[in-house]
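Novice: What shape does this take:
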Amino acid sequence: MTIQTRIAGQFSLIVATILIVFSVVVYLTSATYRQEEFYERLKQKARTTVRLLVEVKEIDRNLLKIIDRNTITELLDEKVLVFDSRNRLIYASVDDEVIHYNPDLLRQVRLKHEIEIHDGDNELAGLLVDERGESLVVLASAYDEFGRSKLANLRRTLIWGLLGGIGMTVGLGLFFAGQSLRPISRINQQVQTITSTNLRQRLDEGNRQDEIDQLAVNFNTVLGQLERAFEQQRSFVSHASHELRTPLTALKSEIQLGMTRHRSVDEHEFILRNLLGDTDRLIGLTNSLLLLARPLTDTGAVTMAPLRVDDVLLEAQQELLNAYPAYRVRIDYVTLPDSDDTMIRGNAMLLRQVFLNLMDNACKYAPDETVDVRISTNDQFCRVAFIDSGMGIGADELSTIFDPFFRASSALGYAGSGLGLSICRRIVEVHNGQLLVESGVGMGSTFTVLLPNG
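Specialist: The predicted model follows:
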């Protein structure tokens, strides 16, 4: 079932329910008013009959019957019966048919003074009237032909009006639902034309006022993100292919060189050392690519445990100095922390790689091969800042410094693949933290890792 049909059906059901309830209420209210009005006419007829019978001496029973039969307000099948205190019939408006009445009915009238009941299709009103010290019971009944005819006409009118109203509601519901959903149909047609080859296409955003326009705006935002993701993927594949091709080409050249002629043992050792260096570079690059391509954003795939940031930092320092004894790493606390201030929840191996990479970069690009590490804490974060005195990064390059394979212009003369900072940022984000950078050309750089307290 389409949305248009579902909306039209729901709208029609609601309106039909309202119309049915309205029609039933109108009909029942009219029927109640008709009945009450007719009972009042019967009671008025009963009072008038008793008054003429008892108070007007010039009118006897026979004359009163003639008056009742010839009055212009005579009702269909009208009967008026008057009983004295002994329940004897003293007057009947008709004498050409058998009159039936229930003695219990007379007792109810004397008990309640006034009753309203049905006598078959007729309505019957009973009254207790005191006239000249005598209690008379008057029963008046008749068939409300005119009122019931009007009620039947009202019933037919309501039924036909209800059917017509429901039919119009269904038609108008389908029409207006189609009109309301037309922008969605237009968006659907536009979306069907978007493929991976034309992600630059955007939906019509209209005036950005209603919900459908906002849907188009949000969809365009998602398209923009997808476009950037595809571009980054293409760039990643291109750069990865280039970076992998370089050491592979070097390996092939060294092997071809070793096979050109017979060489001495020293020459073979020299070639093997070159092959080992190129292999190590290839292994390092491959490991970096694998780590960058891992689904680290799935925190369920990364084991987290309580750890101290300063302990992990000291392990990374020791590993760096073992590989590069000439580097200098100075670790200090901004304020002396308590025993639990540097406690977080994270993965020690991944964080050690972050700290190792940031310290290595700082020492590599600094003239004195020195990095100052500052540890500070507050109620929310444990903060680790890596400060160097290197050549710095230009303001126009700070926004892209964390992109894969991007290298600042000042770092092009140094060995590297441009993957380290991308890996660091992804690892920090897995720990719900932030990796910030402050730098300027000739002013050095400060990389700050913010990790939430555990």
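Novice: can you pull the contacts of residue 119?
Specialist: Contact analysis of residue 119 by Cβ atoms under 8 Å, 6 or more residues apart in numbering lists residue 141. For glycine as for every other residue, the C-beta is placed from the backbone atoms N, C-alpha and C.
Novice: Shouldn't residue 384 be within a strand?
Specialist: Yes. The secondary structure assignment for residue 384 places it in a strand, going by DSSP: H, G, I helix; E, B strand; the rest coil.
Novice: quick one, phi psi at residue 208?
Specialist: Residue 208 has phi and psi values of phi 60, psi 30 when expressed as degrees, to the nearest 10.
Novice: my read: it touches residue 220, true?
Specialist: No. Taking contact to mean Cβ atoms under 8 Å, the distance of 10.7 Å between residue 208 and residue 220 leaves them out of contact.
Novice: more crowded one of these two?
Specialist: Neighbours were tallied for residue 208 and for residue 220 using other Cβ atoms under 10 Å; the higher tally belongs to residue 220 (15 against 9).
Novice: Residue 254 versus residue 389, what's the distance?
Specialist: Going from residue 389 to residue 254 by Cβ to Cβ, to the nearest Å gives 38 Å.
Novice: same question, residue 179
Specialist: According to Cβ to Cβ, residue 179 and residue 254 sit 73 Å apart.
Novice: So which of those two has more stuff around it?
Specialist: For residue 179 versus residue 254, the count of surrounding residues by other Cβ under 10 Å is larger for residue 254: 19 against 10.
Novice: mean confidence for the helix or strand in which the more buried one is found?
Specialist: Using DSSP states H and E, residue 254 falls within helix 211-259. Computed over helix 211-259, the mean pLDDT rounds to 71.
Novice: and what of stretch 2-19?
Specialist: Model confidence over stretch 2-19, given as mean pLDDT, is 85.
Novice: now it, how far from the chain's geometric center?
Specialist: Using Cα atoms, centre = their mean, to the nearest Å, the distance from the centre of stretch 2-19 to the centre of the chain it belongs to is 22 Å.
Novice: ok, and for that stretch, which residues are buried?
Specialist: The neighbour-count criterion (16 or more other Cβ atoms under 10 Å) identifies 4, 7-8, 11-12, 15-16, 19 as the buried residues of stretch 2-19.
Novice: cool, and stretch 179-186?
Specialist: Result for stretch 179-186 [16+ other Cβ under 10 Å]: buried residues 181, 183.
Novice: Run the chain-centre distance for that stretch.
Specialist: How far stretch 179-186 lies from its chain's middle: 20 Å, per Cα atoms, centre = their mean.
Novice: related to what we said a few turns ago, could you tell me which of the buried residues of stretch 2-19 belong to helices?
Specialist: Restricting the buried residues of stretch 2-19 to those inside helices, with DSSP state H as the criterion, leaves 4, 7-8, 11-12, 15-16, 19.
Novice: And these, which two are furthest apart?
Specialist: With distances taken as Cβ to Cβ, the most widely separated pair in those is 4 and 19, at 22.0 Å.
Novice: Can you list the low-confidence ranges for the stretch 51-200 of the chain?
Specialist: Counting by pLDDT under 70, the stretch 51-200 of the chain has low-confidence residues at 54-77, 94-101, 132, 196-197.
Novice: cutoff 90 now
Specialist: Low-confidence segments of the stretch 51-200 of the chain, defined by pLDDT under 90, span residues 51-111, 113-148, 165-166, 169-200.
Novice: which residues of it fall in helices?
Specialist: Listed in chain order, the helices of the stretch 51-200 of the chain (DSSP state H, counting those that start in this stretch) span residues 61-70, 103-112, 145-192.
Novice: Mind listing residues that contact the second one?
Specialist: This points to helix 103-112. Counting by Cβ under 8 Å, 6+ apart, helix 103-112 makes contact with 83, 87, 115, 117, 126-128, 135, 137, 139, all of which sit outside it.
Novice: Just give me the closest of those to residue 275.
Specialist: Here the nearest of those to residue 275, counting by Cβ to Cβ, is residue 117; it sits at 116.7 Å.
Novice: Can you get me a residue count around that closest one?
Specialist: Here the neighbour count serves as a burial measure; for residue 117 (other Cβ under 10 Å) it reads 13.
Novice: Give the bridge partners for it, please.
Specialist: residue 124 (DSSP bridges).
Novice: wait, isn't it in contact with residue 140?
Specialist: No. In terms of Cβ under 8 Å, residue 117 does not count as a neighbour of residue 140; the distance is 11.7 Å.
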